[in-house]
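J.: Fold the following, please.
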Amino acid sequence: MPDIPWTTPTAPASDAEVYVMASRFETETLVGALRFFLKAPGIIAQIRKAPGANGAALRARVFRRTFLTLSAWEDRDALHRFARSEPHRSSARAASAYMKESAFTFWTVPARELPLTWAEAERRLDEQKQSS
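T.: Reported below is the predicted structural model:
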């Protein structure tokens, strides 16, 4: 399945610090993975309009039932406003019914480092998993 590449809804100031979130989701079943994947374009479209969104991407491994997300925000509050708004809020609640495992990690980086790499996101997610 194709990934959704990095998109930059609002470019941050070059001297700004941005708030980053990486997540890993694993669904219980392939049907759950297909449901998750079919919701992804709507969530990416929502991010493209979200105030404070500086970038987002999705790495979809549908047949492995695993998804990675990576997003950058002007601050923590912008991310939280997005997460509480529709369609993300309803999609996240629905996904909990078919989710096997999920992990999240957060950090800040200088805006000039955008877009971030999947290697960095996976490294941070792995570190977070090992520390829990």
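
J.: Could you use CA atoms for every contact and neighbour count after this?
T.: OK.

J.: ok, which stretches of this structure are helices?
T.: Assigned helices in the chain, in chain order: 30-49, 76-83, 88-95, 118-131 (criterion: DSSP state H).

J.: Tell me where the chain is predicted with low confidence.
T.: In the predicted model of the chain, residues 1, 132 satisfy pLDDT under 70.

J.: how about stretch 78-92: buried residues?
T.: For stretch 78-92, burial by neighbour count (16 or more other CA atoms under 10 Å) applies to 78-79, 82-83, 88, 91-92.

J.: Kindly apply the preceding question to stretch 125-132 instead.
T.: Across stretch 125-132, burial judged by 16+ other CA under 10 Å covers residue 125.

J.: same question, stretch 6-13
T.: Residues of stretch 6-13 classed as buried by neighbour count (16+ other CA under 10 Å): 6-10, 12.

J.: and those residues as JSON lines, adding distance to residue 117?
T.: Conversion of these to JSON lines gives the following (distance: CA to CA, whole Å):
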{"residue": "6", "distance to residue 117": "10"}
{"residue": "7", "distance to residue 117": "13"}
{"residue": "8", "distance to residue 117": "14"}
{"residue": "9", "distance to residue 117": "18"}
{"residue": "10", "distance to residue 117": "18"}
{"residue": "12", "distance to residue 117": "17"}
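
J.: Tell me which of the residues you listed fall in strands.
T.: Where the buried residues of stretch 6-13 overlap with strands, as defined by DSSP state E, the overlap consists of 6-7.

J.: what's the residue closest to the geometric middle of this structure?
T.: Within the chain, one residue has its C-alpha closest to the average C-alpha position: by CA atoms, centre = their mean, that is residue 69, at 3.0 Å.

J.: OK, contacts around that residue?
T.: Neighbour list for residue 69: 21-24, 56-59 [criterion: CA atoms under 8 Å, 6 or more residues apart in numbering].

J.: any idea how far it is from residue 24?
T.: For residue 69, the distance to residue 24 equals 7 Å [CA to CA, to the nearest Å].
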